[in-house]
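Student: My questions are about this predicted structure, shown below with the sequence.
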Amino acid sequence: MPSLLSMPVRAALIQRVERVRPDATRLWGTLDAHRMLCHLAESLRVTFGEVRLNVTDGWMNRWYGRMFVIDAPFAWPRGKIQGPPEVLPATSEHEFLWDRNRVVEYLFRFHTGTHQSWGVHPLLGKLSPQQWARFTWRHCDHHLRQFDA
């Protein structure tokens, strides 16, 4: 599974983020390109512990749930799972380019490696830096494919 702790993987994902345009057409779901970038940025704030959300207790925050979500060899279902409302902002007070650059800046933070603060995922619970790096790649890849980027 690709990991954002790998520089080539991180660089390729950042290039894909930079290809997203404000008028990009979604292939599924309800987010437009700008809201998708805001969603990724808010999710990355959770990744690095800048935002703390309540953790729900359930099968997903057990080892087998994390394995299923993070490392399963198949794509996530399209348009079937919705994140917590705290990471689904309705609008942004910023311009598209500002929000896109914010996502890129957060992705660059993975270059620090494991030596930084990590948050707790609201569904998956406490993750190791390696799990965060794989999960975040997977989450970003899912939404970038949503906009053919």
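Tutor: Here it is on my side, so go on.
Student: Longest helix in the protein, please.
Tutor: In the chain, with assignment by DSSP state H, the single longest helix is helix 129-146.
Student: Quick one: list the elements packing against it.
Tutor: helix 7-19, helix 33-47, helix 96-108 (3 or more C-beta pairs under 8 Å, 6 or more residues apart in numbering; DSSP states H and E). Bear in mind the C-beta positions are built from the backbone N, C-alpha and C, glycine included.
Student: pLDDT of the longest one, averaged?
Tutor: I take that to be helix 33-47. For helix 33-47, mean pLDDT is 94.
Student: Give me the contacts around that helix.
Tutor: 17, 20-24, 26, 31, 51-53, 83, 86-92, 96, 99-100, 102-103, 106-107, 109, 118-119, 121-122, 132, 136, 139-140, 143, 146-147 (C-beta atoms under 8 Å, 6 or more residues apart in numbering).
Student: looking at this structure, which helix or strand is least sure?
Tutor: helix 63-66 (a mean of 67; mean pLDDT, DSSP states H and E).
Student: Neighbours of residue 107, how many?
Tutor: Using other C-beta atoms under 10 Å, residue 107 has 20 other residues around it.
Student: what's near enough to touch it?
Tutor: Counted by C-beta under 8 Å, 6+ apart, residue 107 has contacts 4, 10, 13, 14, 17, 44, 136, 140.
Student: so how far is residue 133 from it?
Tutor: 10 Å (C-beta to C-beta, to the nearest Å).
Student: Mind listing the shared neighbours of the two?
Tutor: Common neighbours of residue 107 and residue 133 (C-beta under 8 Å, 6+ apart) are residue 4.
Student: thinking again about what came up before, which residues in the longest helix of the chain does the neighbour count mark as buried?
Tutor: 129, 131-144, 146 (16 or more other C-beta atoms under 10 Å).
Student: and what of stretch 67-78?
Tutor: For stretch 67-78, by 16+ other C-beta under 10 Å, it's 69, 70.
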